[in-house]
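Peer 1: Following is a predicted model, sequence given first.
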Amino acid sequence: MVPAPPPPALPRLTLVLGGARSGKSRHAEALVTTSAPPWTYVATAQAFDEEMTERIAQHKARRADGWQTLETTHDLAGLIREHAYQPAPVLIDCLTLWLSNVMLADMNVQAACAELIDALRAARGPIVAVSNEVGLGIVPDNALARAFRDAQGRLNQDVAALADRVILMAAGLPLSLK
C-alpha cells in the first residue's frame, strides 16, 4: 500500500473571506491543522454581551489540543511582529472584529491598517487570516456603518493583494480566488 502524500504546505499568507456563517473560521482552522502543531490562534473578539461570550466559547471548544490562544483587540500588528516569525502556523480570527475594535476605540484606522499590512508583509508565516466580505449587501443607512464597510473593503483588498492564496467561503464551500 502506497502512503498518502503529505498535505501541501501552507503558503506564507492565506486570506479566507466570506459572509456571516459561511464557514470561514472552520475552514481556516482546517487549513492550519494540516501542519503539525503547535498552532497559534490570534483572537480579536471582545465579549461585550452574553451572546458574544457564547460564540467565543464555541470557537474555543471546537479547537483541539495543540492550539495556543493569544488575544488582542487593537495591537494586531505588534502581535504579528512578535509571533509570526516562527515556522508554526498562525491563525488570525478575525480582521473584521479587529477593525471594528480599532474604529470603536477612535484610533487612526488608516494608520492601523497600514501598520497591519507592514507586519503581514514582513512576517515569515505561515499565516491564515479570516475576514468578512462586507460589500455584498445593501448600502448601510448610517455614516459609521458605511465608513466601516469602506474601511473593511480596503483592508480586504490590501490583504488579498499581499496574500499568496485567497479563498472565498460560500455556504461552507471554499472557492479559490487566488
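Peer 2: Cool, got the structure.

Peer 1: and the worst-scoring helix or strand of the chain on mean pLDDT, what other elements does it pack with?
Peer 2: The helix or strand of the chain with the lowest confidence, counting by mean pLDDT, DSSP states H and E, is helix 50-62 at a mean of 77. When contacts are defined as 3 or more Cβ pairs under 8 Å, 6 or more residues apart in numbering; DSSP states H and E, helix 50-62 sits against helix 24-32. In this view, the C-beta of every residue, glycine as well, is placed from N, C-alpha and C.

Peer 1: Quick one: residues contacting the closest residue to Leu97 other than its chain neighbours.
Peer 2: In this structure, Leu97 finds its nearest non-sequential neighbour in Thr44, 4.5 Å apart by Cβ to Cβ, 6 or more residues apart in numbering. Contact partners of Thr44, counting by Cβ atoms under 8 Å, 6 or more residues apart in numbering, are Glu71, Thr72, Thr73, Leu76, Ile92, Asp93, Cys94, Leu95, Leu97, Trp98, Asn101.

Peer 1: So the fifth one lies in a strand, does it not?
Peer 2: Yes: the assignment for Ile92 by DSSP: H, G, I helix; E, B strand; the rest coil puts it in a strand.

Peer 1: Hmm, it is touching Pro126, no?
Peer 2: No: the pair Ile92 / Pro126 is not scored as a contact, 11.5 Å apart, by Cβ atoms under 8 Å.

Peer 1: who's more crowded, those two?
Peer 2: Neighbour tally, Ile92 and Pro126, criterion other Cβ atoms under 10 Å: the higher count belongs to Ile92, 28 against 23.

Peer 1: So what pairs up with that one in the strands?
Peer 2: With DSSP bridges as the criterion, Ile92 is bridged to Val42, Ala129.

Peer 1: Can you name the residues that contact it?
Peer 2: Listed by Cβ under 8 Å, 6+ apart, the contact partners of Ile92 are Val42, Thr44, Leu76, Ile80, Trp98, Ile127, Val128, Ala129, Val130.
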